[in-house]
Structure formats: C-alpha cells, structure tokens
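Enquirer: Show me the folded form of this:
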Amino acid sequence: MKAFIASDNDPLAFKLADTLQDLGVSCSESNVLSLAQILDHGGQFEFNDALVLLDSSTRSELLLARLPEVAKAPGAFFVIFGPSCAPRQIVEFIRAGANDYLDLSHHPSEELAAIVKRLQASRKESDACGRLISITSCNSGCGASTIAASLATLLSQQSGSCGLLDLHLTGGDLAVLLQLEPRHTLLELAQQADTLDAAMLQQSLSQHASGVNLLASPEPFVNHRDISSAAISRIVQLARMQFSQVVVDLEDMFHQEQVSTLRESDEIVMIFRPDFVSLVRARKSLDFMYESGVQHEKIRLVASRCGQPRQLSLSVVENSLGAKIAACIPEDPVAVLTSINLGVPVVSESPDSKFSRALSAFVDQLNGVTKAVLRPRFSTNAFNAVTSLWGKASL
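Expert: Below you'll find the model as predicted:
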C-alpha cells in the first residue's frame, strides 16, 4: 500500500512519512506534497487505492470545500489530520469524503498505527464481506425497526442466517420487538474495540427463533460516548465476515458512525410516509446523503403505512423526490401489532398479510429485480418544490 501526505508543515509531514514507512506503508519523498498542490491540482494525482493524509491545521475551510472532488479517487482512504477540534468539524470532514481523523494532540504515532492496522485489515477481509443493507427513516413513525426485523427474517430464510445490528446508540427497540434479553450490547462490544474479534462479536449476539442474530443497541439513558466511529466500522466489518447478509437499523443520517455505515452499505433502504411532513424530510435526507458521498444508485425508497385516506399520491411523491418508489408497504395494524405483542417478526407470524406480501416482493427486488433509479439532483430548490405540493396534491 502506498501513501501520500499533503501539508504546509514539512517537518511534520516527513515525520508522518517516516512513521508510515516503519508501519510498512510506502511513502516516498515524492509523495509528500504541499497542501496547495492538492487544493489546486488534486485531480492530477493518482490516489487510487492509496492512503492519503491531508493537513487541516492551516486552511481547513478551503480543504473542506475541495475535499469532495479530491476524495473521488477509487479505493482511496482519506485521513484528515490536525489538532483537536470540535466533533462538528470532524463530522463535516467525514461528510465531505474523509474516512478518518488523526488527532495530532493525542499520541499521533499510535493513532496512525491504529488507522493503518484497520485499513489493512479491512482490505484483507473485503473479499469475504457479506452484503450490507442499511435501513434508515427520514422521520419517526415510519416503522423502520419493524421493517428491519422482518427484512432480516426474510433474508435469513433465504440464506440460513442473517446479522441484524441495532445502531440506535441512544437506545433502540429491536431487542424489545423480538422479545430478546441480550446478555451483551453494542456498547460493551465497542468498549473493547482495540481487541475486538469475530469470537467476541459471536458471543455478543442474541439469536432469535427466526434465524436472525441480533446485536442489541445500548440501553436507553446510558452514556454511549465511548462508542467511536472506528469501533462501529469494525463491528460492521466483522458482522459482514460472519454473515452473507447483514441488516443495520440506523439511528440517523447525521453522526459520523451512521454516515460511514451508509457509505459502506451495498443497499440503503430509506423509509418515509406518503404525507407532506415526511416528504419534506425525505427530500432533505436525499440531498444530505448525496452531499455526504453516498452513491445514488444504492438508495431504495420505500413508502410505509400506505393505503390510508388523504395520503399524497405516489406520482406526486415520485415527481417531488426525482425517483421511483421501490416498494409500498401497506398500513396493516392487525398484523403489525400482533407481531409486536408476540415478539415475532410480521413475516413469521402473519406471512400472508398485506405487510408481509409487500415486503417479500421488495426482498425479491433486492435480490435482482430491476432497480428504481435515483436521479442525481432535483432541478429546483428542494424545499420550494415540495411545499408546492399543497396546490397539487388531492387532499
């Protein structure tokens, strides 16, 4: 593996280059560049599959603006380095295309060694990775966790088993929905990130009778600040090594570990309701994912709780979002509430229900039927376009 370093601080840059050389990463003198070379001519360098370190100490705003273009190099791993900064700024760099942040004020050589170790492990194991499907909703009340549990069950029926990760760091509902009592949670696993391996993940999983293997979220109202983005990435990676199918129930699209998981996903299922508030959120969520470097073709739009009176028509929704809806999951309160109360996924308890039939058809689509294609951008102002629906929708 080769590396590039871009910095206006030559002594620092060459010190980092020496550290990389000691770690077995090739970083020749010609690969140590000035920051201006990257900011002005980043597209001229062959960063493909390289480790690229970029200094944010001096011109962070300009670097943030140019990073999306520079970070397009296929297979490259971008690390921003600099002094301690606010978490918000780190998140902005991640959204712009960075993969990690190296804090120079906290044992930089050790931190860099850890980054290189994770990257090497990731590339070594990438050929053995199962498919990663992330479930996210643009607002509450969409039934995302209920859909995630049933989706994982259908995939388990097809492949023999399925991993299900609850990434609601402030407390998710999957363990309760499946009536499981986990011995370990995501928090305990993430706290052992430095020694985390496949055996530890296996011991932390709770198996449901459906064949789904759940890694439960932390309990509500506990301190989850020890959960790092690197730990989440490692957990997701280990799950993909163990299962041919992994479903992740995301908490949001904002925090660093959630954005990183979205970018690593093979498929992203974004769930919304066909009403005005949810549609506005859906439009903004799509724009945010595009700006965060998520590939358009990975995203599948799923309308949930469909079939209720006075909902927006699907044609209006598709025109506003600039995409075809991949699936419509009907409102099916009897089947859904029965499954929740029994702790059994809907598709297991009520396989012939409207909910189950619609979700089964969507899984068939995930497994090879023609995809709904997202257009890259909406041609007019997103919010104004969606709010104009008040005059177009048949309410």
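Enquirer: Could you say which helix or strand holds the spatially most central residue of the chain?
Expert: Most central in the chain under CA atoms, centre = their mean is Leu262, positioned 2.0 Å from the mean C-alpha point. Assigned by DSSP states H and E, Leu262 belongs to helix 256-264.
Enquirer: Show residues contacting the helix or strand following that helix.
Expert: The helix or strand immediately downstream of helix 256-264 is strand 267-272, counting by DSSP H and E. Strand 267-272 is contacted by residues 131-139, 142-144, 147, 151, 262, 278-279, 281-282, 285-286, 289, 294, 298-304, 326, 366 when judged by CB atoms under 8 Å, 6 or more residues apart in numbering. The way it works is simple: take the backbone N, C-alpha and C, and place the C-beta from them, glycine included.
Enquirer: What strands flank strand 267-272, and is each parallel or antiparallel?
Expert: The sheet places strand 267-272 alongside strand 131-137 (parallel), strand 299-306 (parallel), with pairing taken from DSSP bridges.
Enquirer: Now tabulate the ones you listed in a markdown table and tack on distance to Gly172 and mean pLDDT.
Expert: Converted to a markdown table, the strands paired with strand 267-272 look like this (distance: least, CB to CB, whole Å; pLDDT from 0 to 100):
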| stretch | distance to Gly172 | mean pLDDT |
| --- | --- | --- |
| strand 131-137 | 11 | 96 |
| strand 299-306 | 17 | 96 |
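Enquirer: So which of the ones you listed is nearest Leu359?
Expert: Evaluated over the strands paired with strand 267-272, closeness to Leu359 peaks at strand 299-306, with 9.0 Å, by CB to CB.
Enquirer: The closest one vs helix 256-264, what angle?
Expert: Calculated by axes from the mean of the first three to the mean of the last three CA atoms, to 10 degrees, strand 299-306 forms an angle of 110 degrees with helix 256-264.
Enquirer: For Ala144, give me its contacts.
Expert: Counting by CB under 8 Å, 6+ apart, Ala144 touches Ile135, Thr136, Ser137, Asp249, Ile271, Ser304.
Enquirer: What separation is there between it and Gln256?
Expert: 20 Å (CB to CB, to the nearest Å).
Enquirer: With Ala327 instead?
Expert: Separation of Ala327 from Gln256 (CB to CB) stands at 29 Å.
Enquirer: quick one, strands of the stretch 201-350 of the chain?
Expert: Secondary structure of the stretch 201-350 of the chain (DSSP state E, counting those that start in this stretch): strands at 206-207, 212-215, 245-250, 267-272, 299-306, 327-330.
Enquirer: Would you reformat those strands as CSV and include distance to Leu169?
Expert: Output for the strands of the stretch 201-350 of the chain, formatted as CSV (distance: least, CB to CB, whole Å):
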stretch, distance to Leu169
strand 206-207, 18
strand 212-215, 12
strand 245-250, 10
strand 267-272, 19
strand 299-306, 23
strand 327-330, 26
